[in-house]
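# prediction below, plus the sequence it came from.
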Amino acid sequence: MTAGASPLMLLLRAALLLAALAASCGAALLRRAKEAEFMDWMVGVRRRIHENPELGYEEFATSELVRRELDAMGIPYRHPFAVTGVVATVGTGGPPFVALRADMDALPMQESVEWEHKSKVPGKMHGCGHDAHVAMLLGSAKILQEHRDELKGTVVLLFQPAEEGGGGAKKMLEAGAVENIEAMFGIHVADIVPIGVVASRPGPIMAGSGFFEAVISGKGGHAALPHHTIDPILAASSVIVSLQQLVSREADPLDSQVVTVGKFQGGGAFNVIPDSVTIGGTFRAFLKESFDQLKQRIEEVIVSQASVQRCSAVVYFMNRDKPFFPPTINDPVLHDFFAKVAGEMVGPSNVIDRQPLMGSEDFAFYAEAVPRTYYYFLGMLNETRGPQAPHHSPYFTINEDVLPYGAAMQASLVRRYLLEHQHATAAKAVPRDEL
């Protein structure tokens, strides 16, 4: 022992040395993920999933593929969680525990891209990139398994069903998939962020969301005799106009909120006033108080405006079939950690700020049980490939060059987290020298 050096000082020096080594390892993990054989394997996994898309809670073949790949790597897992979910572990099997998550479900839409690996299932498509998410997390699993003896704790890998409105994260949570986990990272490919760039921010990054439907009832009749009817179309039209005033006249302009009516069904003939009209839509906000206020006012406005036109209205919030998603809020401590680790891998200039989005993400549910959570976007835009269609478009495509970035980034984050947390815990355990 160096004369005069306390155990705490020696421990801190060792931690700094290991942190420096870890910084160089991030680039090494990316090089590994870019190796031709590794890359071809991830591309193959992603294409097999893309060809056979499955909707929420129906991801049986996808789940089987995940388990088959984990078996080949020798990685233990538990199944099922939330019908089709898989939870795997790499590392010591003991604390600390840190988690990564990939969503597995596809969208109910017809793919319009003509290519060799187009969806083989009519009316279903991976139009949001979840096929890439699964392939990248399996890539992270392979990297972590190759370095399992170096891990200073346990990495938990969650392959989750039903992100697209089904609240799969909530059911994974209820099934105990995140017990004892102290930090968790979620990733999403981004169509407008350049390849090799990551984007995120501390605090709110995606809005909370809910859905509503209302049936407005009146009295139908001949369109030539409106005075003999109670017109629900007129009432519904007044309702929709009034709903837009909830944001423009009741919300703080600095508190972003959205109310959108996207469904209007009523009548089937040009000359008949129907008995009823059904409308439906979504509402979104970043603050829980604002979200709850919107929910209350949406029902009040619909019922009251319908009554002005002599109609009645019943409002359904559909929370059983489409659970309300809370806002996705990034832990500020994890943001600093993410910026450091990501910057070491792709360069500080390629770690950019992402403005909050009014879209929602069920990853937010994990924050109810995990002390620190963090969600970020991984760029895949390459303008030399031509125009990039947006998410949820039938023309959406994946730039498969993104796969090694996702695999290496996730592996680097959790590996580094375990290393730093382990030394922080050890430092607390070392007694301080008395003055």
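The structure has been received and is ready for your questions.

# can you count the residues close to A364?
Close neighbours of A364, defined as other C-beta atoms under 10 Å, add up to 24. Bear in mind the C-beta positions are built from the backbone N, C-alpha and C, glycine included.

# pLDDT of the helix or strand hosting F159, averaged?
Per DSSP states H and E, F159 falls inside strand 154-160. For strand 154-160, mean pLDDT rounds to 98.

# and what of stretch 228-242?
pLDDT averaged over stretch 228-242 gives 97.

# give the buried residues for it.
229-240, 242 (16 or more other C-beta atoms under 10 Å).

# cool, and stretch 154-174?
For stretch 154-174, burial by neighbour count (16+ other C-beta under 10 Å) applies to 154-173.

# spell out the secondary structure type for T89.
At T89 the chain is in strand, as set by DSSP: H, G, I helix; E, B strand; the rest coil.

# before we move on, what about G176?
Recorded secondary structure, G176: coil (three-state DSSP).

# number the chain from 347, please
With the count now opening at 347, the last piece we talked about shows up as G522.

# what's the burial count for the nearest residue to it once chain neighbours are set aside?
Nearest residue to G522, sequence neighbours excluded (C-beta to C-beta, 6 or more residues apart in numbering): F427, at 7.9 Å. Counted with other C-beta under 10 Å, the neighbours of F427 add up to 24.

# and the gap between F427 and A487?
Computed as C-beta to C-beta, to the nearest Å, the F427 to A487 distance reads 16 Å.

# repeat for V433
Here the distance between V433 and A487 works out to 12 Å (C-beta to C-beta).

# identify the contacts common to these two.
In terms of C-beta atoms under 8 Å, 6 or more residues apart in numbering, V433 and A487 are both contacted by the residues L503.

# okay, these two: which has more neighbours?
Using other C-beta under 10 Å as the criterion, V433 and A487 rank with A487 on top: 27 against 24.

# my guess is that one meets M419, correct?
Yes - between A487 and M419 there is a contact at 6.2 Å, judged by C-beta atoms under 8 Å.

# F629: helix or strand, and which one exactly?
F629 belongs to strand 622-631 when assigned by DSSP H and E.

# next SSE downstream of the helix or strand of the chain with the lowest mean pLDDT?
None of the helices or strands of the chain scores lower by mean pLDDT, DSSP states H and E than helix 353-380, at a mean of 72. Downstream of helix 353-380, the first helix or strand assigned by DSSP H and E is helix 382-397.

# setting aside sequence neighbours, what's the nearest residue to Q590?
Closest to Q590 by C-beta to C-beta, 6+ apart is V605, at 6.8 Å.

# where does the stretch 347-496 of the chain have low pLDDT?
By pLDDT under 70, the low-scoring segments of the stretch 347-496 of the chain are 347-370.

# what about 50?
347 (pLDDT under 50).

# how close does the nearest residue to I744 once chain neighbours are set aside get to F723?
Leaving aside its chain neighbours, I744 sits nearest to A478 (4.9 Å; criterion: C-beta to C-beta, 6+ apart). Separation of A478 from F723 (C-beta to C-beta) stands at 13 Å.

# can you check R666 too?
R666 sits 30 Å away from F723, going by C-beta to C-beta.

# would you list the strands that the lengthiest strand in the chain pairs with, along with their directions?
When the chain is parsed with DSSP state E, its longest strand is strand 527-540. As defined by DSSP bridges, the strand partners of strand 527-540 come to strand 443-449 (parallel), strand 718-727 (parallel).

# tell me the helix or strand right after that strand.
Assigned by DSSP H and E, the successor of strand 527-540 is strand 544-546.

# for that following strand, packing partners?
helix 678-692, strand 697-699, strand 718-727 (3 or more C-beta pairs under 8 Å, 6 or more residues apart in numbering; DSSP states H and E).

# surely I562 touches S584?
No - counting by C-beta under 8 Å, S584 is not a contact partner of I562; they are 9.7 Å apart.

# and the nearest residue to G420 once chain neighbours are set aside, what element?
Distance criterion C-beta to C-beta, 6+ apart; nearest residue to G420, sequence neighbours excluded, is Q491 at 6.8 Å. Using DSSP H and E, Q491 falls within helix 476-492.

# for the residue nearest to G420, what are its contacts?
Q491 is in contact with 419-421, 436, counting by C-beta under 8 Å, 6+ apart.

# try G473
Contacts of G473 by C-beta under 8 Å, 6+ apart are 452-453, 455, 457, 737-740, 742.

# dump stretch 453-462 to CSV, restricted to CA.
What follows is stretch 453-462, C-alpha atoms only, in CSV (Å, rounded to 0.1, in the frame of the first residue of the first chain):
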residue,chain,number,x,y,z
LEU,A,453,-49.0,-3.0,-36.5
PRO,A,454,-52.4,-3.8,-38.1
MET,A,455,-51.5,-2.4,-41.6
GLN,A,456,-50.7,-3.6,-45.0
GLU,A,457,-47.0,-3.2,-46.1
SER,A,458,-46.6,-1.3,-49.4
VAL,A,459,-42.9,-1.8,-49.7
GLU,A,460,-42.0,-4.3,-52.4
TRP,A,461,-38.9,-6.2,-51.3
GLU,A,462,-37.6,-9.8,-50.8
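
# in that stretch, what's buried?
Of all the residues in stretch 453-462, those buried under the rule 16+ other C-beta under 10 Å are 453, 455, 457.

# pretty sure L376 is touching Q756, no?
No - with contact defined as C-beta under 8 Å, L376 does not count as touching Q756 (11.4 Å).

# looking at the two, which is more packed in?
Neighbours were counted for L376 and for Q756 using other C-beta under 10 Å; Q756 has more, 29 against 20.

# quick one: what helix or strand has the more buried one in it?
Assigned by DSSP H and E, Q756 falls within helix 748-775.

# now the angle from that helix to strand 718-727?
Relative orientation of helix 748-775 with respect to strand 718-727: 160 degrees, computed using axes from the mean of the first three to the mean of the last three C-alpha atoms, to 10 degrees.

# helices and strands around helix 748-775, which ones?
Where contact means 3+ C-beta pairs under 8 Å, 6+ apart, helix 748-775 is packed against helix 353-380, helix 382-397, strand 443-449, helix 476-492, strand 500-506, strand 527-540, helix 678-692, strand 718-727.

# quick one on the thing from earlier: for A478 and F723, indicate the residue with more neighbours.
A478 (28 against 21).

# just list the residues touching the more buried one, thanks.
Counting by C-beta under 8 Å, 6+ apart, A478 touches 392, 535, 744, 746, 748-749, 752.

# filter those residues down to the buried ones.
In those, burial by neighbour count holds for 392, 535, 744, 748-749, 752, counting by 16+ other C-beta under 10 Å.

# just the closest of those residues to V687, please.
Using C-beta to C-beta, G752 comes nearest to V687 of those, at 13.9 Å.

# doesn't F723 make contact with the closest one?
No - in this structure, G752 is not within contact of F723 by C-beta under 8 Å, at 10.7 Å.
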